[in-house]
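Engineer: any chance you can model this:
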Amino acid sequence: MRFGLFVLSLCLLANASAGKITPSGPGALLRLPHTDGDAFLWVPHDCAKKACSMMVVSHSRGNTSYATLEKPHLMSFFQNFVEEGVAVLISNDAGPNTWGNEKSLLYLKSVWTEASKSFHFNGKTYALGYSMGGLPASLSVQRQLYPVTALILMDARVNMLGAYGGADASRAEEIKVAYQAPEGTTEMTLHDPMLENFKSSIPMMVIGSKDDRTVPFADNGEKFYRLHGNNPDSVKLLLPGGHLHMNRWAPETAQDILLFLKNLRPLPKLQEAQKH
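Structural biologist: Below is the predicted model of the structure:
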């Protein structure tokens, strides 16, 4: 099974590099060219007959859209949504380490606009960000880059001041580069979702773990949920294991997200759920 998924991802990469929409499993892949890195739209075959929603996925630190296509566990996870009629937009976020900077936000606005015109779209967009991708995903809502129906955060970095001011000096330098800070800068103006108010209250699903030492949940997802998860449809899902543990990409987690999106109302089985 693992080998089969790897072959699938390589086929998707080959098709996407050629800029073609080629049937692959439950959907077809479309390359959306961009000067800051191509995005990829995985469109369910069913969208030819009925309007479909779209999930915009923002990636982790060091990742890219092309690298995503080569990761079997990510493509397998996204396939769960494609099979249920949700088009998946794999964003490049304008680079591997953009940390929610202005370029990444302009990029997301651009590729969402292009994607929304590329298939039979029903107007519903779900923003999903994992790890560093939590920054552009949540900022997409707060800056109203495009209409967001629901926000999903998975082991998400949303405390930008905490990321910059932490003990990791290389990360701080990386953030300075992302925000084009002049040499010698000690204070910076960062895009920090934790400090910015939502323009409107939307449902959110926050997934994380108290075992996460890379992006501490208490200072990121959990705090963000406490501050901004005031929509009655918002839910929090606690999972065991460290940062981006493989259970985040399990079919059961995908089904929990799909259930949240389908109902968009408080789900007792998900609210503060503990999974083992």
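Engineer: next one: the closest residue to Asp212 other than its chain neighbours from Gly100, what distance?
Structural biologist: Leaving aside its sequence neighbours, Asp212 sits nearest to His243 (C-beta to C-beta, 6 or more residues apart in numbering; 4.7 Å). For glycine as for every other residue, the C-beta is placed from the backbone atoms N, C-alpha and C. Distance of His243 to Gly100, given as C-beta to C-beta, to the nearest Å: 18 Å.
Engineer: beyond the host helix or strand of Asn80, next helix or strand please.
Structural biologist: Asn80 belongs to helix 72-83 when assigned by DSSP states H and E. Heading C-terminal from helix 72-83, the first helix or strand you meet, by DSSP H and E, is strand 86-90.
Engineer: confirm the residue nearest to Asp212 sits in a strand?
Structural biologist: No: counting by DSSP: H, G, I helix; E, B strand; the rest coil, His243 falls outside a strand, being coil.
Engineer: what's around Asp38, how many residues?
Structural biologist: 19 (other C-beta atoms under 10 Å).
Engineer: wait, it touches Thr64, no?
Structural biologist: No: using C-beta atoms under 8 Å, Asp38 makes no contact with Thr64, being 9.2 Å away.
Engineer: related to what we said a few turns ago, comparing His243 and Gly100, which residue is more hemmed in?
Structural biologist: Neighbour totals were compared for His243 and Gly100, and Gly100 leads with 32 against 18 (other C-beta under 10 Å).
Engineer: extract the CA atoms of the host helix or strand of Lys176 and return them as CSV.
Structural biologist: Using DSSP H and E, Lys176 falls within helix 169-178. Extracted as CSV, the C-alpha positions of helix 169-178 are listed here (Å, rounded to 0.1, in the frame of the first residue of the first chain):
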residue,chain,number,x,y,z
ALA,A,169,18.5,31.5,16.9
SER,A,170,18.4,30.0,13.4
ARG,A,171,14.6,30.3,13.3
ALA,A,172,14.8,33.9,14.3
GLU,A,173,17.3,34.6,11.5
GLU,A,174,15.0,32.7,9.1
ILE,A,175,12.1,34.9,10.1
LYS,A,176,14.2,38.1,9.6
VAL,A,177,15.0,36.9,6.0
ALA,A,178,11.3,36.2,5.4
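Engineer: what residues does that helix touch?
Structural biologist: 97-99, 101, 163-166, 185, 188, 190 (C-beta atoms under 8 Å, 6 or more residues apart in numbering).
Engineer: thank you, goodbye.
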